[in-house]
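Engineer: This is a predicted model, with the sequence first.
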Amino acid sequence: MEKFRAYLITRDEATKAESVGIVTLTPDDLMPGDVDIRVSHSTVNYKDGLAITGSLPVVRRFPMIPGADLAGVVVASRSRSFRPGDAVVVNGWGMGEIHYGGYSQMARVDAGWPIPLPDSISPADAMAIGTAGYTAMLAVIALEGRGLTPETGPVVVTGAAGGVGSMAVSLLSSLGYTVAAVTGRPHEADYLTGLGATEIVARSELEGAPKRLGKERWAAGIDSAGGTVLANVISMTRMRGAVAAVGNAAGWDIPTSAAPFILRGVALLGIDSVRTPKPERIAAWKRLASDLDRTKLAAMTTLMPFDAIPNAAHDIVAGKVRGRLVVEIG
């Protein structure tokens, strides 16, 4: 491909003002890497929304092609690990922050980053899953590592109508867990029960000042909010339970005490999806291929064109998006 379209975020170094628009590039404009990929699909994550809107300093190198996820086909490889025609998916690794990302018809990445796309997952479905589903799967695996089973008790999922939350509700329910879905959008109750939630919890229940030890409600949790919401989830987790923290939409600080950790043995498990070692990534994608209900995936997915990315970015930051957005790069 001699020329291709891409979104590019630039910054005026004098005023620090950022702007984003579609530009035409050539392969010579791409950053160093071992594998060239013709990108067919990407997705809009909350982090992508922050990068495009400039709401938080996600981008650490300018100019930058945003997009933390991509799926496509290898067109050239300088690594023995891949050859032209291989279908691959790439998540994280600083794409859209320090390395050109997925909002481009062509991408060049390090050979250690792509994962062979499982045969049963299409590129579009891979981006419906995206970092959100991959992160949710990492959280489920981490909780299982702490001994969680469907018989252990209910699992609470915060930010349940968002990307990670929707994927977590769907995965957990498909695996046989009882799921309590926390949301600040009560009109999404039918959507969440359709994904498998058995209880809808108003976010306001978890926004008050947390107690050192609250009433034990859940055996485990997957939290994408952080802040006071996470503190309340921790305080309400049962003896020997665990909470997987995957996001910080409500803030980085956790106003809690050591009581749940010492008196109940609760574990707080941090999920880093950006620099997860490749073997763990492959294991997570294999689990997604086998455990994810494709009907539920379709129900939470909206397909959108390349030109609609900026509007979607503003909507996801404003909390107007539910489920997953898949971008047809074209």
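Structural biologist: Thanks, I have it. Numbering: from 1, shown residues only.
Engineer: Can you point out the buried residues in the longest helix along the chain?
Structural biologist: Longest helix of the chain, by residue count under DSSP state H: helix 123-145. By 16 or more other Cβ atoms under 10 Å, the buried positions in helix 123-145 come out as 123-140, 142-143. Backbone N, C-alpha and C define where each C-beta goes, glycine included.
Engineer: check contacts around the nearest residue to M106 once chain neighbours are set aside.
Structural biologist: Excluding its sequence neighbours, the residue lying closest to M106 (Cβ to Cβ, 6 or more residues apart in numbering) is F4, at 4.7 Å. By Cβ atoms under 8 Å, 6 or more residues apart in numbering, F4 lies in contact with T24, L25, T26, S104, Q105, M106.
Engineer: ok, now N248?
Structural biologist: Neighbour list for N248: A225, G226, G227 [criterion: Cβ under 8 Å, 6+ apart].
Engineer: what number of residues lie near the residue nearest to the first one when sequence neighbours are not counted?
Structural biologist: Leaving aside its sequence neighbours, A225 sits nearest to A250 (Cβ to Cβ, 6+ apart; 4.1 Å). Residues lying near A250 (other Cβ atoms under 10 Å) number 21.
Engineer: Do I have it right that A250 meets N232?
Structural biologist: No. Between A250 and N232 there is no contact under Cβ atoms under 8 Å: 10.6 Å.
Engineer: Quick check: R324 touching G130?
Structural biologist: Yes. At 6.5 Å, R324 and G130 qualify as touching, with contact defined as Cβ under 8 Å.
Engineer: Between the two, which contacts overlap?
Structural biologist: Contacts common to R324 and G130, judged by Cβ under 8 Å, 6+ apart, are T43, G163.
Engineer: OK, contacts around the nearest residue in space to G33 that is not next to it in sequence?
Structural biologist: Spatial nearest neighbour of G33, chain neighbours left out: R108 (3.8 Å); criterion: Cβ to Cβ, 6+ apart. By Cβ under 8 Å, 6+ apart, the residues touching R108 are P27, L30, M31, P32, G33, V35, D36, I37, Y100.
Engineer: ok, and R108, which helix or strand is that part of?
Structural biologist: According to DSSP states H and E, R108 maps onto strand 106-109.
Engineer: Mind checking the pLDDT average for the next helix or strand after that strand?
Structural biologist: Counting by DSSP H and E, the element after strand 106-109 in chain order, helix or strand, is strand 115-116. Strand 115-116 comes out with an average pLDDT of 94.
Engineer: and strand 115-116, what other elements does it pack with?
Structural biologist: strand 87-91, helix 278-291 (3 or more Cβ pairs under 8 Å, 6 or more residues apart in numbering; DSSP states H and E).
Engineer: what angle separates the last one from helix 123-145?
Structural biologist: What separates the directions of helix 278-291 and helix 123-145 is an angle of 110 degrees, with axes from the mean of the first three to the mean of the last three Cα atoms, to 10 degrees.
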